[in-house]
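Peer 1: got a predicted model here, sequence first, then my questions.
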Amino acid sequence: MFNKNYVVMVIAIIFFFFQLYIPFVHASETEESKLQELQRLSQIFYEKVKIKEYAAAKGELVKLSLLFPTISYKGLTTTEGIEAISAVIIHSKKELAAISPNEKSILYSATQLYLAIDALTHPLQPYWHRYYPVINKDLNTIEQKIKTKDAKQIEVAYTHFQNDYLLIRPAIIVVKPPYVVERTDSLIKALVSQQVDQNKEILLNQLRTNINQLFYGDGKETWVNYIGENTIWKTSVGMGITIFIALSYVIWRKFKGVRYST
């Protein structure tokens with residue numbers, strides 16, 4: 001007769017495995033729904049600001065600010081990324097709380113927030129990547145103005161570029177390691193403060209290379225945490241399945257041996 005202890009053992013292992021698996025799936029689905037809602041709120045907030053419905057925009061921003069701290073961002077971004085989004089939320093609140101709201105400043109902040117949260121929810125195809133032609137055009141303009149040696153025109157070109165870069169900077173912080181952003185910031189600061197024309201050209205070329213890598217890099221710098229966490233989970237699942245198969249085979253062999261012995 002087949003030993004029932006083996007059956008009980010297999011059932012216990014399967015039950016234990018699914019007890020671990022089901023809460024994980026449930027938690028993942030919960031976090032995913034929260035992230036989708038976060039993105040939805042950021043989009044509505046941006047749209048309301050765009051059509052100057054500031055009272056409605058303020059209500060959406062309140063909902064977003066209450067939801068944001070309830071989400072787990074492990075494997076999605078760094079501490080710096082969370083801080084970047086929080087800073088934009090706080091700044092947007094201040095802009096909306098002004099007695100005479102500055103339309104351009106509010107729209108700028110709303111765009112920053114939308115791009116940053118979109119980067120959080122769509123790290124592979126973020127919306128901020130669409131700003132590459134804008135940034136590239138700014139760099140071309142700076143190059144042209146440097147050749148004219150007109151200090152005022154160069155300063156205007158710098159300002160225009162910095163405004164466009166700062167617009168997408170929170171989104172970049174969300175998906176890139178801190179040292180990548182710091183490297184870009186350092187190059188920009190060095191370029192703006194540089195007085196020698198030849199050095200300006202050298203720094204501009206370095207900045208252009210860095211910007212290209214920022215937008216079209218191989219992605220290794222972006223996905224370190226995400227890949228690491230997924231690899232651990234997949235390894236755990238794989239080990240569980242392997243153990244289950246091995247035990248099933250042992251039981252099958254045992255059952256087969258009992259049959260032939262009887």
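Peer 2: That came through fine.
Peer 1: burial count for residue 183?
Peer 2: 17 (other CB atoms under 10 Å). For every residue, glycine as well, the C-beta is placed using N, CA and C.
Peer 1: what do you get for the one 3 residues further on?
Peer 2: Applying other CB under 10 Å, we find 12 residues neighbouring residue 186.
Peer 1: next: residue 80.
Peer 2: 15.
Peer 1: what do you get for the one 5 residues further on?
Peer 2: One way to gauge burial is a neighbour count; for residue 85, by other CB under 10 Å, it gives 25.
Peer 1: check which helix or strand covers it.
Peer 2: Assigned by DSSP states H and E, residue 85 belongs to helix 79-97.
Peer 1: would you mind measuring from residue 63 to residue 29?
Peer 2: Look at residue 63 and residue 29: by CB to CB, to the nearest Å, they are 21 Å apart.
Peer 1: repeat for residue 192
Peer 2: 47 Å.
Peer 1: of these two, who's got more company?
Peer 2: Each of residue 192 and residue 29 has its neighbours counted (other CB under 10 Å); residue 192 has more, 16 against 10.
Peer 1: can you give me the helices in this structure?
Peer 2: All helices of the chain, identified by DSSP state H, fall at 4-50, 54-67, 79-97, 103-121, 132-148, 151-175, 178-193, 197-216, 224-261.
Peer 1: and the closest residue to residue 114 other than its chain neighbours, how far from residue 146?
Peer 2: Closest residue to residue 114 apart from its sequence neighbours, by CB to CB, 6 or more residues apart in numbering: residue 46 at 4.3 Å. Taking CB to CB as the measure, residue 46 and residue 146 are separated by 35 Å.
Peer 1: name the residues of stretch 84-91 that are buried.
Peer 2: Across stretch 84-91, burial judged by 16 or more other CB atoms under 10 Å covers 84, 85, 88, 89, 91.
Peer 1: which of these lies closest to residue 159?
Peer 2: residue 91 (19.3 Å; CB to CB).
Peer 1: thought the closest one was touching residue 109?
Peer 2: Yes: judged on CB atoms under 8 Å, residue 91 makes contact with residue 109 at a distance of 5.4 Å.
Peer 1: how does this structure divide into domains?
Peer 2: The chain resolves into domains spanning 1-121+232-262, 130-222 when parsed by automatic domain parsing.
Peer 1: want to throw those into TSV with mean pLDDT?
Peer 2: Below are the domains of the chain laid out as TSV (pLDDT from 0 to 100):
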stretch	mean pLDDT
domain 1-121+232-262	78
domain 130-222	92
